[in-house]
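K.L.:
Predicted model, plus sequence, below.
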Amino acid sequence: MLACAIAAIAFAGGRVAPRAPVSRLAAGRVRMAQFDYDLAIIGCGVGGHGAALHAVSKGLKTVIFTGGDAGGTCVNRGCVPSKALLAASGRVREMRDDAHLKSLGISVNGVVEYDRAAISNHANGLAARVKGNLVNSLVALGVDMIEAKGALVKGGQKVQCVGQDRVVTAKDVIIATGSVPFVPRGIEVDGKTVFTSDEALKLEWVPDWVAIVGSGYIGLEFSDVYTALGSEVTFIEALDRIMPTFDQQIAQVAQRILVRPRAIDSRTGVFAAKVTPGVRGEKPVRIEMIDAKTKELAEVLEVDACMVATGRVPYTQSLALDAVGVETERGFVQTNEMMQVLTKPGGQVVPNLYCIGDANGKMMLAHAASAQGISAVENIAGTVHKVNHEAIPAACFTHPEIAFVGLDEAAAKKRAADGGFELGIGMGNFRANSKALAEAEGEGVAKVMFNKKTRQVLGVHIVGLHAADLIQECANAIELGTTIDQLAMITHTHPTLSEVLDEAFKGAVGRSAH
Ligand SMILES: Cc1cc2nc3c(=O)[nH]c(=O)nc-3n(C[C@H](O)[C@H](O)[C@H](O)COP(=O)(O)OP(=O)(O)OC[C@H]3O[C@@H](n4cnc5c(N)ncnc54)[C@H](O)[C@@H]3O)c2cc1C
Ligand SMILES: NC(=O)c1ccc[n+]([C@@H]2O[C@H](COP(=O)([O-])OP(=O)(O)OC[C@H]3O[C@@H](n4cnc5c(N)ncnc54)[C@H](O)[C@@H]3O)[C@@H](O)[C@H]2O)c1
């Protein structure tokens, strides 16, 4: 394990040992500095890691506070183990889908079984491996790592090792402390029968009937895992439709593919107001739902387990933000577009202090955290840089996947009305795509929306096979300003799923792809 200080750092008497603080500047110049470090990063998730790697490439002498949790949410309790569960359970689903196999000319003689503990080991072993790689990459690049939590100190440009009499000074500081699951009042989490994704990822059991509170990314991905492994799922969703955070048309198609054919039912327009844990195999979990509008008791459900997937809250409590005069918005640190921390919403810039990733709440995705980290370092190094969040893609790794970039249709229509332009839309279909049909997976659509005046792409939404990989082409187009006409002229490989997008681009400009 990491000692409090590993790699090149040594502490003495509460201060960093008097090693000459030297900045390794990109141009090869070497200067003595008045700080221990050029950059201190608080939090070693994907955001902090991305910032650290970029800082090294810029020649900045960098220290990172891991808080004993190198890898953070994505590696230990998020993207990595969840995708491993989805990969394994997806195979089970596929091999148990007789009709689909038969359409390919395959039959599986015998029962398709899975080993729950082995799937769990796959997910958690992978997380441990990726965490090891992440730590090694930082050590190899000479980033100093401190295992303690970091807290801000009055006057700024200083970080305290929490619980220790040690302070590190740095010219610039990046906050990258991430988020934790949000559990609404009235829901009692025991980690066994009522749990969040933190516990669900350990896959300690597969309940026969699990209620999932919230039908966003986490709820949807876990409904995919659980139904593949044989559970029945009931969604409890506060808003009036499931998947409310997705483009409405895409959510409707997704519902047809991912919900209706599966052992899933749902309650919408209700809050899980009181959830009381049970005892596995003995006493059910009791869920009291209230109507979201009238607040009257709507229904009581008794299920084997309840997963709470109602969003995430920033993990900023241990930072001592008040020491540097920063007020948060519900815990989220406010920043401007350069990731510089503001004293409060709409407030002044706090000099030399940046915040990236889930802790600022701009876009709670791993690659967004990393992109913001790189951007903050660019600004620290003196190159003004702003992340274009409308060019950052997102994906939900169900079978098949849902992916999007930019605006949804409601937001695009509003932008068109406000901006006085006409909105163009092109559609592509998986059912007419040779590759999708070869896989016997012809369900799904792609929708591209663009500004008819400037021809710029505003948003793309895909539900269908490998949507998460397909969306990247569209993210690149938004980032680089490629017009819909240019996209429609680009040659797509045949036969590939990318031709679904080719059809959407060509359709958008009034041409046929066939
Ligand atoms: C189940 C699940 C699945 C997900 N799947 C995906 C996915 O497929 N794709 C995707 O893009 N995103 C996914 N996400 C979201 C993604 O995990 C987060 O957006 C991402 O981890 C945010 O990175 P971050 O660096 O901002 O914060 P985190 O990864 O949360 O890292 C912050 C780190 O800072 C530490 N810390 C906190 N306070 C201190 C302190 N005072 N001092 C030092 N350290 C501190 C924390 O312990 C943590 O290690 C998923 C999330 C979950 C929960
Ligand atoms: N594939 C991915 O990229 C991925 C996967 C998992 C998580 N994440 C990230 O993690 C974050 C959290 O995911 P999430 O699914 O928990 O949040 P979410 O915000 O996507 O969805 C939460 C859902 O819970 C509902 N809800 C909230 N309180 C409720 C209550 N009391 N009763 C019933 N319904 C309630 C909301 O209406 C919403 O639909 C997301 O912002 C996402 O960015 C990303």
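P.N.:
Nice, thanks for sending it over. Ligands and ions are numbered 1, 2, ... in the order given.
K.L.:
Would you mind giving the secondary structure of Ile257?
P.N.:
helix (DSSP: H, G, I helix; E, B strand; the rest coil).
K.L.:
quick one: it and Pro400 touch, right?
P.N.:
Yes - between Ile257 and Pro400 there is a contact at 6.6 Å, judged by Cβ atoms under 8 Å. Where you see a C-beta, it was placed from the backbone N, CA and C, and this is true even at glycine.
K.L.:
And the two? Which one has more around it.
P.N.:
Comparing Ile257 with Pro400 by other Cβ atoms under 10 Å, the one with more neighbours is Pro400, at 23 against 20.
K.L.:
quick one, what contacts that one?
P.N.:
257-258, 441, 443-444, 463-467 (Cβ atoms under 8 Å, 6 or more residues apart in numbering).
K.L.:
Next one: it relative to Leu497, how far apart?
P.N.:
10 Å (Cβ to Cβ, to the nearest Å).
K.L.:
Overlap of the contact sets of these two?
P.N.:
Joint contacts of Pro400 and Leu497 (Cβ under 8 Å, 6+ apart) are 464-466.
K.L.:
So which of those is the closest to ligand 1?
P.N.:
The shortest approach to ligand 1 among the shared contacts of Pro400 and Leu497 belongs to His466, at 14.5 Å (Cβ to the nearest ligand atom).
K.L.:
if we can go back for a sec, in strands only, show me the shared contacts of Pro400 and Leu497.
P.N.:
Counting by DSSP state E, the part of the shared contacts of Pro400 and Leu497 found in strands is Gly464.
K.L.:
For the shared contacts of Pro400 and Leu497, which single residue is the most surrounded?
P.N.:
For these, neighbours were counted using other Cβ under 10 Å, and Gly464 has the most, 28 neighbours in all.
K.L.:
so that one touches Lys447, yeah?
P.N.:
No - contact criterion Cβ under 8 Å: Gly464 and Lys447 do not qualify, at 11.1 Å.
K.L.:
related to what we said a few turns ago, farthest pair within the contacts of Pro400?
P.N.:
Using Cβ to Cβ, the pair of these lying farthest apart is Leu258 and His466, separated by 14.9 Å.
K.L.:
for this structure, what are the low-confidence residue spans?
P.N.:
Within the chain, the stretches with pLDDT under 70 are 1-33, 514.
K.L.:
can you tell me the residue of it closest to ligand 2?
P.N.:
Residue nearest to ligand 2 within the chain: Gly216 (2.1 Å; Cβ to the nearest ligand atom).
K.L.:
What strand or helix carries the residue lying closest to that residue once chain neighbours are set aside?
P.N.:
Sequence neighbours aside, Thr245 is the residue nearest to Gly216 in space, at 5.3 Å (criterion: Cβ to Cβ, 6 or more residues apart in numbering). Per DSSP states H and E, Thr245 falls between elements, in no helix or strand.
K.L.:
and the gap between Thr245 and ligand 1?
P.N.:
Noted for Thr245: a distance of 14 Å to ligand 1, by Cβ to the nearest ligand atom, to the nearest Å.
K.L.:
Which of the three states applies to the residue of the stretch 201-350 of the chain found nearest ligand 1?
P.N.:
Nearest residue of the stretch 201-350 of the chain to ligand 1 (Cβ to the nearest ligand atom) works out as Ser318 at 4.1 Å. Following three-state DSSP, Ser318 is assigned to helix.
K.L.:
Give me the contact list for stretch 119-132.
P.N.:
Stretch 119-132 is contacted from outside by 70-71, 75-77, 80-82, 84-85, 88-89, 201-204, using Cβ under 8 Å, 6+ apart.
K.L.:
Break the protein down into its domains, please.
P.N.:
The chain breaks down by automatic domain parsing into domains covering 24-73+128-180+313-384, 75-122, 194-310, 394-508.
K.L.:
between these, which gets nearest to Gly186?
P.N.:
With Cβ to Cβ as the yardstick, what comes closest out of the domains of the chain is domain 194-310 (4.6 Å).
K.L.:
Just the endpoints, please. Distance across that closest one?
P.N.:
13 Å (Cα to Cα, to the nearest Å).
K.L.:
how far is that domain from where the chain is centred?
P.N.:
Put simply, domain 194-310 sits 20 Å off its chain's centre (Cα atoms, centre = their mean, to the nearest Å).
K.L.:
what do you get for stretch 474-488?
P.N.:
On Cα atoms, centre = their mean, the centre of stretch 474-488 falls 24 Å from that of its chain.
K.L.:
Could you look up the SS state of Ala298?
P.N.:
Secondary structure, three-state DSSP: Ala298 is strand.
K.L.:
what about the residue of the stretch 201-350 of the chain closest to ligand 1, neighbour count?
P.N.:
14.
K.L.:
The stretch 101-250 of the chain against ligand 1: which residues are in contact?
P.N.:
Counting by Cβ under 6 Å from any ligand atom, the stretch 101-250 of the chain comes close to ligand 1 at 149-150, 176-179, 197, 218.
K.L.:
which of those residues sit farthest apart?
P.N.:
Spanning the widest gap among those are Gly150 and Ile218, at 27.6 Å by Cβ to Cβ.
K.L.:
What about the residue nearest to Gly216? Give its phi and psi, please.
P.N.:
Torsion angles at Thr245 (phi, psi; degrees, to the nearest 10) stand at phi -90, psi 0.
K.L.:
roughly how far apart are it and Thr398?
P.N.:
Taking Cβ to Cβ, one finds Thr245 at 14 Å from Thr398.
K.L.:
what about those two, which has more around it?
P.N.:
For the pair Thr245 and Thr398, the greater number of neighbours falls to Thr398 (23 against 15), based on other Cβ under 10 Å.
K.L.:
secondary structure element for that one?
P.N.:
Thr398 is located outside every helix and strand, with elements delineated by DSSP H and E.
K.L.:
From Val253, how far out is it?
P.N.:
Thr398 is 12 Å from Val253, by Cβ to Cβ.
K.L.:
same thing with Val130?
P.N.:
Distance from Val130 to Val253, counting by Cβ to Cβ: 33 Å.
K.L.:
higher neighbour count, the two?
P.N.:
Set Val130 next to Val253 and count neighbours by other Cβ under 10 Å: Val253 wins out with 21 against 18.
K.L.:
first to last residue in stretch 154-167, what's the distance?
P.N.:
Termini of stretch 154-167 sit 12 Å apart (Cα to Cα).
K.L.:
which residues sit against it?
P.N.:
By Cβ under 8 Å, 6+ apart, the residues outside stretch 154-167 that reach it are 4, 11, 14-16, 35, 40, 42, 65, 146, 148-153, 168-173, 318, 320, 323-324, 350-353.
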